[in-house]
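Visitor: Dropping a prediction and its sequence here:
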Amino acid sequence: MSSDPWQSSLLDSTNDAIIVLNRVNVIVFWNKGAERIYGWTKKEATGKIAPALLKTHFPEKLVTLRSKIQKKTHWRGLLNQTTKKGKKIVVDSQWSTLSVGKEPTVLEVNRDVTKEFESEQRLHETKNQLEAVLENVADGIFVQNHLGEMLYANTVALNMFDIASQESIIGSSSLFYQKGFEFYDEAGEEFPFSRFPGRRVIAGEKQATETFRIVKKSTGKIQWITVRSSGILDKQTNKPFLVVSVLSDITRQRQIEESLRFLARAGEILSSSLHYEQTIQDVAMLAIESIADWCSVEMLDNDTVTLAAIAHKDPKQIIWAKKLRRENPVDLTQKTGIAKVLTTGKPEFIPVITDAMVVAAAKNKRQLALLRKINFSSVIIVPLRISGKVIGVIQFVSTDSKRYFSQNEFEVAVQLANRVSLALENVTLYENLEKEQQRINDIISNIPGIVWEARAKFSTNKRLDFVLTYISKYAEILFGYPSAHVMGKSNVWAKLVYHEDLEHLAKGFYAIYRSGKGGIVQCRFVTKDGQVKWMELQSKVIADKKGRAFGLRGVAMDITKQKELEQRKDDFVSMASHELKTPLTSTKVFAQILEQRFKKIKDAQSQKFLSRMNEQIDKLTNLVADLLDVTRIQQGKIQLNKEIFPLHDLVAELVDNLQSVTSHKFVILVSQKDAIFADRDKIRQVLTNLLTNAIKYSPGDKKIIVRSKTIGKHITVGVQDFGIGISKSQQAKIFERFYQAPQRASARNTYPGLGLGLYISSEIIRLHHGKIGVKSVPGKGSIFSFSLPLASVRHLPK
Ligand code: ADP
């Protein structure tokens, strides 16, 4: 190196490191710039091997580098080096050969570019990070320049349009996604190029958003995409120099919305259809509107499968579908398709039907041709169930349209099937209910009686009214009023019931309603044309779940004929007993005269016969007397001749009389001081009846107890026997006219009688304003008791 001080100071004044290396890379020159950059003084550096001192990283081997320089005489590149203080630096290094002597010498000029390098490094990293972020967002993103040329697109955006790499679209100025896709707006109209948000921003809008449906031409695949574009403005011109567009795939969301809308409509249709056939036809129609090209419903009935409904987007195609169905009935032993779903109960989904599948499914050439004609692309088959049992399937078929069913459609189909199942279950229930109702109505309208139901209602005057809520057809036949004229009307009874019986019916209903149980009322009704009909209304109280009564329900029977017969019977009894009475009285008189005569001539034999005859005449007289009593009671002609008399005396007298004809043991527990105010003869009749019954119905010489007990102003008399007793069911009836407890055939005539005694007794007690009743246990005996008012001072004669 020259030692010219001018030259040397020039080399020192530059900020670059100027280093000269000899053949083996030993430093032979080291300027001030090198000292400043690396920290080593000239003295320290000179004589050292440069790459070792500076810990230089070369982009290629140093030997190669040097031989390259030899040939080309120049090299430039970035080197990583380390300073004396250990700081890592980046230098922009320029190497050239110096022709000093024979030795190959290198002049190395290094500029410290660490700062610039780092900031560029950072910029690069930031760019990478940004791209990584953009790659990782779920939305598609692309950036265009102000001419609409594509600068960047992330993978999501590329995938949306099936584009393999960025490179293929970078710089393309037409909208890359137009190829192979069709664009429709939300109304289903074709989407024009000028409406794309990116275009609109380039044209001057600040921001633009659009939602459209993209259909891939080759597969028919649908995507719903929302695009939001905005411009990045140039500060000077205030015009966009970049347009950023964000694409959100809202297909799934749209599908869910559509599915929900579809299912809601299905729900509406299903809940409004009340008939089985209608329901399934409605479903098929709905399906072709929204999901499928062809929908059929197949129902399973006793191992045969019938086509219950079919719908096709193109009605002409139904012929083919039906033909296929006819020629290829569902064979339940098959392990595919409808048969499989019917037997396993699991839904079946074949998203893509290939020609190979069609070939495999066809049984013969004809069928293959038919199947190909129908051109299946996708099939969904879902089961229909009632109470868990598979009763049929819905089959959705996609044809021609290159439209394949998605998982979403499969899910919708399954949901639809569930809803249809539920609707069918309801419809079946409803139809069964209707049938049952019809059946019951038929039965009811064919019985010769009126079934009725009425709700209790307090009328304005606080009286309990019963408003008819149901009345069977027979009422129309019987009364001549149409049901509508009497149902739901207040005070309908005044119109229907014979006016004299209105009060009786009202009281009867009231008592039954209050009893909470049931009862019978008889009264006369008047028909529209004025006829009087006797009706017997058997009623039961109806109550709500909490047991609160709210009405009556029952059957009303026409008992007019029965009443007429009863009347005729009564008339006959009345007439017969009157007719019998006179000859009987005369017979009795003649028998007495005869008795006198035989006594005089002392004909003992004849006297005995006559006394037997007298007994029989007495019995007959008693029977006739009973019958006459009944007649009198019926006609309300019984007169009471009341007087005050001690009860005990009457009982003692009767027991005394009876003791002569029976060996039963009587016990009298009747107070001696109690006097009653009553018709002595009639009370004798009652007591006689009770005592003779006690004797009659307690065979063997059992005990009979007569008791009395005073409670307040009443005395109760009881006659107790230990005989056969009376069952509960009969106890209610024995006070009725002509009632006798049924006797076994073998025991007929053991207890003769007309069944009138208790009836007459009860009527006598009723006329005395008393009560009569019985307590009895079959096999143990009975206690008949009646109550009468005690005599009081006011009964004494003045
Ligand atoms: P009858 O003339 O048949 O005795 P009643 O009217 O006196 O008629 O009695 C009606 C029915 O009541 C009788 O047929 C009998 O079955 C039953 N009965 C009455 N008293 C008694 C009794 N003390 N024990 C058992 N059954 C009785």
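Guide: Everything's here; your move. Here the structure is a predicted model, which is why all the values come from computation and not from measurement. Numbers count the residues shown, from 1 in each chain.
Visitor: all contacts plus neighbour counts: C-alpha atoms, from now on.
Guide: Noted.
Visitor: Strands along the stretch 451-600 of the chain, start to end?
Guide: Counting by DSSP state E, counting those that start in this stretch, the stretch 451-600 of the chain has strands at residues 464-471, 518-526, 532-543, 549-558.
Visitor: What residues of the third one count as buried?
Guide: Yep, that's strand 532-543 we're talking about. By 16 or more other CA atoms under 10 Å, the buried positions in strand 532-543 come out as Val532, Lys533, Trp534, Met535, Glu536, Leu537, Gln538, Ser539, Lys540, Val541, Ile542.
Visitor: returning to what we had before: export the strands of the stretch 451-600 of the chain to JSON lines and tack on mean pLDDT and distance to the ligand?
Guide: Output for the strands of the stretch 451-600 of the chain, formatted as JSON lines (pLDDT from 0 to 100; distance: least, CA to the nearest ligand atom, whole Å):
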{"stretch": "strand 464-471", "mean pLDDT": "91", "distance to the ligand": "37"}
{"stretch": "strand 518-526", "mean pLDDT": "94", "distance to the ligand": "22"}
{"stretch": "strand 532-543", "mean pLDDT": "94", "distance to the ligand": "24"}
{"stretch": "strand 549-558", "mean pLDDT": "93", "distance to the ligand": "27"}
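Visitor: Give the residue spans of the stretch 101-250 of the chain that score low on pLDDT.
Guide: 101, 173-178 (pLDDT under 70).
Visitor: What segments of it are strands?
Guide: Using DSSP E, counting those that start in this stretch, the strands of the stretch 101-250 of the chain run over 105-112, 140-145, 150-153, 181-184, 207-216, 222-233, 240-249.
Visitor: And these: which comes nearest Pro383?
Guide: For Pro383, the closest of those is strand 222-233, at 27.3 Å, according to CA to CA.
Visitor: if I look at Gln223, how far off is Glu409?
Guide: Going from Gln223 to Glu409 by CA to CA, to the nearest Å gives 14 Å.
Visitor: And for Gly516?
Guide: Distance from Gly516 to Glu409, by CA to CA: 60 Å.
Visitor: Val667 pairs with what?
Guide: Note on Val667: beta-bridge partners by DSSP bridges are Ile705.
Visitor: got the phi/psi numbers for Pro482?
Guide: When read as degrees, to the nearest 10, the backbone of Pro482 gives phi -60, psi 150.
Visitor: Please tell me how far the closest residue to it other than its chain neighbours sits from Lys563.
Guide: Nearest non-adjacent residue to Pro482, counting by CA to CA, 6 or more residues apart in numbering: Glu476, 5.3 Å away. As judged by CA to CA, Glu476 and Lys563 stand 22 Å apart.
Visitor: before we move on, what about Arg684?
Guide: Where Lys563 is concerned, Arg684 sits at a distance of 32 Å (CA to CA).
Visitor: So if I had to pick from the two, which one is more boxed in?
Guide: With neighbours defined as other CA atoms under 10 Å, Arg684 and Lys563 compare such that Arg684 has more, 17 against 14.
Visitor: ok, now which ones touch that one?
Guide: By CA atoms under 8 Å, 6 or more residues apart in numbering, the contact set of Arg684 is Leu650, Leu654.
Visitor: Near the residue of the stretch 451-600 of the chain found nearest the ligand, how many other residues are there?
Guide: Of all residues in the stretch 451-600 of the chain, Val573 sits closest to the ligand, at 16.0 Å by CA to the nearest ligand atom. For Val573, the neighbour count with other CA under 10 Å is 17.
Visitor: Cheers, nothing more for now.
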